[in-house]
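> predicted model follows, preceded by the sequence.
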Amino acid sequence: MPARDLVCSLVPALIVAPGVSAAILFPPKVSAAPEASCPDTEVVFARGTGEPPGIGPTGQAFVKALGARVNDVPPAVYAVNYPATDQWDTGVDGIRDAGAHVVSRATECPKTKMVLGGYSQGAAVMGFVTSAQVPDDVDPATVPKPLDPNVADHVAAVVLFAMPNERAMNFLNEPKIVIGPLYQAKTMQLCAPEDAVCSDGVNFAAHDSYAADGTMVDQAADFAAGRLRGHENAAVTGAPFGR
C-alpha cells in the first residue's frame with residue numbers, strides 16, 4: 001500500500017463500530033501451564049497496514065535489536081493475529097487478539113515478562129489495548145471494560161512506532177488513542193520527523209523509514225531492555241512494578 005494512502009486507510013481500520021469499544025475486557029482465567037512452556041520474555045507485536053502475516057519489518061528489526069540486549073535466551077515472539085487491512089473493523093480484531101493473548105500469558109505464565117509493541121496501525125491496536133476506560137462517546141453499558149489492572153504488572157514495556165496521532169483520529173471524528181495510566185511510564189512512542197501519520201508533518205516517506213533507519217529501533221530496544229531489567233529487580237524484591 002502506498003505510504004500516501006496510510007492517513008486515509010490506516011485510521012478507518014481502527015474505528016470502532018457502534019456498541020463496540022476499542023478498550024476490550026479480557027477477564028482473568030484460572031489455569032496453569034507447564035513451566036517449560038512459559039518463556040522468560042515475550043514480545044507481543046502488531047504489524048502495520050498491508051504487511052503480510054507476522055510482525056512486519058519494523059517488528060523484526062525491534063526483536064533482533066532487543067535480543068542483542070537481553071541475556072541468555074532471546075525473547076519469544078507473538079504476532080498479533082488480525083488482517084491489518086484498510087477495513088474498518090481490522091483494528092478491533094487486533095485489539096481482541098492481543099488483549100486475549102496478554103491475559104493468557106499473565107494468568108498461565110505469571111513469571112513471563114512481556115513487551116508490547118506495534119507499528120502504524122499495529123501501534124494503534126496496542127495503544128487501545130492499554131486503554132483504561134471506554135471513550136466518552138461510547139455507552140459503557142454496551143461495551144466490555146478495559147483490561148484488569150493486575151495485568152499491567154506483567155508488562156515490562158510498551159513500544160509504539162508511528163502510532164496515529166490525534167490529528168489522524170480527528171480526521172474521521174473518532175476518539176484519540178489514550179495510553180492507560182498504568183502503562184504510561186512504561187511506554188515509549190517513536191515518531192520519525194515529519195511522519196504524516198504520527199506527527200504534524202506531511203512526509204509520507206518518513207512513515208516507511210523505521211526498520212531501515214534503525215535509530216528509533218535501537219532507542220526502543222534500549223528502553224525495553226532497561227524496563228526488563230527493572231522488572232527483574234522488582235520481582236526479586238517483591239515490589240510492584242510500573243505502577
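Sure, I can see it. Residues are numbered from 1 along each chain as shown.

> helices of this structure, start to end?
Using DSSP state H, the helices of the chain run over residues 6-10, 56-67, 90-108, 121-129, 166-171, 181-184, 210-213, 215-237.

> out of those, which is the most enclosed?
helix 121-129 (a mean of 31; mean count of other Cβ atoms under 10 Å). C-beta here means a position set from N, CA and C on the backbone, and glycine is covered the same way.

> quick one: average confidence on that one?
Computed over helix 121-129, the mean pLDDT rounds to 92.

> same check on stretch 75-95?
Mean per-residue pLDDT for stretch 75-95: 85.

> how far does it stretch from start to finish?
Distance across stretch 75-95, first residue to last, is 22 Å (Cα to Cα, to the nearest Å).

> check which residues of it are buried.
Using 16 or more other Cβ atoms under 10 Å as the test for burial, stretch 75-95 gives 75-80, 82, 84-86, 89-95.

> over to stretch 191-205?
191-192, 195-199, 204.

> could you dump those to CSV with pLDDT?
Formatted as CSV, these follow (pLDDT from 0 to 100):
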residue, pLDDT
Cys191, 97
Ala192, 96
Asp195, 95
Ala196, 91
Val197, 90
Cys198, 94
Ser199, 94
Phe204, 88
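
> who are the neighbours in contact with Glu51?
Residues near Glu51 by Cβ atoms under 8 Å, 6 or more residues apart in numbering: 57, 84, 119.

> any weak-confidence spans in the chain?
Judged by pLDDT under 70, the chain has its weakly predicted residues at 1-36, 88-90, 134-135, 138-145, 172-175, 231-243.

> just want the most central residue of it.
Met126 (2.7 Å; Cα atoms, centre = their mean).

> kindly provide the distance from that residue to Asn203.
For Met126, the distance to Asn203 equals 23 Å [Cβ to Cβ, to the nearest Å].

> then Val77?
The gap separating Val77 from Asn203 is 30 Å, by Cβ to Cβ.

> likewise Lys64?
For Lys64 relative to Asn203 (Cβ to Cβ), the value is 26 Å.

> again with Glu42
When Glu42 is compared with Asn203 (using Cβ to Cβ), they lie 33 Å apart.

> ok, Ile55 next?
With Cβ to Cβ as the criterion, Ile55 and Asn203 are 24 Å apart.

> do Asn150 as well
For Asn150, the distance to Asn203 (Cβ to Cβ) stands at 41 Å.

> next: Thr130.
Distance of Thr130 to Asn203, computed by Cβ to Cβ: 27 Å.

> likewise Ala224?
From Ala224 to Asn203 the distance is 26 Å (Cβ to Cβ).

> just to revisit the earlier point, save the helices of the chain as JSON lines, and put in distance to Val159 too.
Below are these laid out as JSON lines (distance: least, Cβ to Cβ, whole Å):
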{"stretch": "helix 6-10", "distance to Val159": "18"}
{"stretch": "helix 56-67", "distance to Val159": "7"}
{"stretch": "helix 90-108", "distance to Val159": "14"}
{"stretch": "helix 121-129", "distance to Val159": "9"}
{"stretch": "helix 166-171", "distance to Val159": "19"}
{"stretch": "helix 181-184", "distance to Val159": "11"}
{"stretch": "helix 210-213", "distance to Val159": "11"}
{"stretch": "helix 215-237", "distance to Val159": "4"}
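
> out of the ones you listed, nearest to Ala157?
Ala157 lies closest, by Cβ to Cβ, to one member of the helices of the chain: helix 215-237, at 3.8 Å.

> need the contact list for the residue nearest to Ala212 when sequence neighbours are not counted.
Distance criterion Cβ to Cβ, 6 or more residues apart in numbering; nearest residue to Ala212, sequence neighbours excluded, is Pro57 at 7.9 Å. Contact partners of Pro57, counting by Cβ under 8 Å, 6+ apart, are 51, 211-212.
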